[in-house]
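Student: make a model of this:
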Amino acid sequence: MRALLNAGGLKEKDVTLDTIGFNQVEALATDQEDAVVIYVPNEPVVLKSKGYDVYVVRGRRLSQAGLQRADYNEVTMAQNPDLVKRMVQATLHGIQDTIANPNEAYEISKKYVEGLAQQDAKVQMEVLTTSISLWQTERSGYSDPKAWENMQAVLLDMGLLTKPLDLQKAFSNDYLP
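Tutor: Modelled structure (predicted):
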């Protein structure tokens, strides 16, 4: 949100920010809020299913989903890199299986996602389909160093970072298959 405001030449003081929790759909539907920060595959789909016109302003993709060092304990990475590689491979395999067979993935998820079986299946499948469209990349799991440099520049420009970080320590593609 801050990056989007910055790109438009705005500061936080130019807008009214509210903390609303995870009720974006209700906040928009009841006119409690004029705009909300959302998860692209979820709230727009739910709002459209309820008959609302939705306009989504997407921030430019500053980075792709990748394995970040925060996802794995540095000790585990140093002492058992093969375990980390296998975990990454298993995660990517699960994503590829979901992309290849979303209906089966949805049915399996009903066993593990509390309340999913009681939700509107058509809407939830659209949420999954929209998520899948975001997961499809040229190299699954790869994190583009240029995207990290771009994000760091934005954060420095906004004053959210006071000095550049060593980006080599921020992420790694070393554990990809």
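Student: where does this protein dip in pLDDT?
Tutor: Counting by pLDDT under 70, the chain contains low-confidence ranges at 59-73.
Student: now the strands for it?
Tutor: For the chain, applying DSSP state E gives no strands.
Student: buried stuff in the longest helix along the chain?
Tutor: Selection of the longest helix in the chain by residue count, based on DSSP state H, yields helix 81-100. Neighbour counts using 16 or more other CB atoms under 10 Å place V84, K85, M87, V88, L92, I95, T98 of helix 81-100 among the buried residues. C-betas here are computed from N, CA, C, even on glycine.
Student: right, and the first one touches Y175 too?
Tutor: Okay, so that is V84. Yes. At 5.0 Å, V84 counts as touching Y175 under the criterion of CB atoms under 8 Å.
Student: ok, so of the buried residues of helix 81-100, who is nearest D166?
Tutor: V84 (20.0 Å; CB to CB).
Student: can you count the residues close to Y55?
Tutor: 6 (other CB atoms under 10 Å).
Student: distance check, it against L17.
Tutor: Here the criterion is CB to CB, to the nearest Å. By it, Y55 lies 19 Å from L17.
Student: same deal with E149?
Tutor: For E149, the distance to L17 - CB to CB - is 28 Å.
Student: what does I132 give?
Tutor: 31 Å.
Student: list the residues that contact the nearest residue to Y52 once chain neighbours are set aside.
Tutor: Spatially, and ignoring its direct neighbours in sequence, Y52 is nearest to A29 (6.6 Å; CB to CB, 6 or more residues apart in numbering). A29 makes contact with L47, K50, Y52 under the criterion CB atoms under 8 Å, 6 or more residues apart in numbering.
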